[in-house]
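Task: produce atomic coordinates for the following.
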Amino acid sequence: MTVARALVPMLLLALARAAAAQTASPASELPIEWQAPESCPDRQALIRRLGALLGEAPRDLGTLSGVRAVVQETRTGKQLTLEVEESGQHSTREFQARDCVDLVDAAALAIGLALHDGPGRQPAASPPPSSADAPAIELDARPPTPEPEPRRLGWSLGAEAALDSGALPELAPGVGAQARLLFGGWSVDAHGLFLPGQRVALGNAEAVAFTLLVGGARACRQLFEGAVLVAACGSLEAGQFRATGANLQPARTLKDLWLAAGGGIEAQARVGGDVWLQLRLEPVVPFARKRYAVDTTQIVHAPAALDLRFYVGLSVSAP
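Reported below is the predicted structural model:
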């Protein structure tokens, strides 16, 4: 009788453990790894979606020894990289979408098809259709074929501070603005630059003031994309070079046409959201260089043969 009483608690403990093992959710034991930003659904959402496609909650992945799904932010949305291990073979697929929900559907559909096509599995009933907003995706078990990156279309607006060496008599600060179109690795902009008046004092208490106002177009080709975007640019510009002085010859105020071409290197880094920091070094060569003189003999200023400019600014882009 004493032995029986001692065995009762042990028997009850064993039954409780067996019941807990039967009621435990198998989802936590599935070899599925899910990494995504906090704004995306979690791993349980993926497993629920997979269960909806299979018609029942998945208890194992059959011949699939491991599944790894990683969602990353891109400039145009989000990208899913899905890695599947099956019978010693490794395959990788990539999907892009604007919404994480679509990528959860894509991952669940890919896993479900891999389970359906696995060896030893019988054809299953057709899974229920996915969300109406989910993209149509066609998958197979073969390694993916690289696909060209879709062309990205967008625009940006920016304001810049400039430092010019060569157009005016001294190192000249200025301000600029630009409106840019983005397509793929190329961009084209319309821009403007203003260098405020700079005075050159004469010996007779007089002075001559010089200003430059230009507008132009610039084309850039992206060379490197990473944390910092680097591009090579070429530009054309036209504007007005103005000189004003009492003894200036042949008139007190001269307004001359400014034409120039240039090229340079531009770097951009994301500050936050759609705001970007821009840096650009741009040499400019004037097509014509006029000499400005007073009293017909004293040369006051002539623009340099090579005008070197440095820009720093912020831009807002979309999408």
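
Direction included, what does the longest strand belonging to the chain pair up with?
Identified as the longest strand of the chain according to DSSP state E is strand 253-272. Paired with strand 253-272 in the same sheet, following DSSP bridges, are strand 228-245 (antiparallel), strand 275-286 (antiparallel).

Which strand residues bridge the closest residue to Gly216 other than its chain neighbours?
Nearest in space to Gly216, with sequence neighbours left out and distances taken as CB to CB, 6 or more residues apart in numbering, is Glu237 at 3.0 Å. Where C-beta positions appear, they are placed from N, C-alpha and C, glycine not excepted. According to DSSP bridges, the residues that bridge with Glu237 are Gly216, Ala260.

before we move on, what about the one 5 residues further on?
Counting by DSSP bridges, Arg242 is bridged to Thr211, Lys255.

before we move on, what about Arg280?
Glu266, Tyr311.

coming back round to it: list the buried ones in the longest strand of the chain?
Residues Leu254, Trp258, Ala260, Gly262, Gly263, Gly264, Glu266, Gln268 are the ones in strand 253-272 that count as buried (16 or more other CB atoms under 10 Å).

got the contact list for the third one?
Under the criterion of CB atoms under 8 Å, 6 or more residues apart in numbering, the contact partners of Ala260 comprise Val214, Leu236, Glu237, Ala238, Val284, Val285, Pro286, Phe287, Asp307.

who wins for neighbours among these?
Neighbours here mean other CB atoms under 10 Å. Within the contacts of Ala260, the largest count is held by Val284, at 25 neighbours.

Help me confirm that it comes into contact with Leu259.
No: assessed by CB atoms under 8 Å, Val284 is found out of contact with Leu259, at 10.4 Å.

what sits in contact with each of the two?
Between them, Val284 and Leu259 share the contacting residues Glu237, judged by CB under 8 Å, 6+ apart.

which element is the residue nearest to Gly239 when sequence neighbours are not counted on?
Excluding the flanking residues, the one nearest Gly239 by CB to CB, 6+ apart is Val214, at 3.0 Å. Val214 belongs to strand 207-224 when assigned by DSSP states H and E.

how about Arg224, what does it touch?
For the record, residue 224 is Phe, not Arg. Val230.

Thank you, goodbye.
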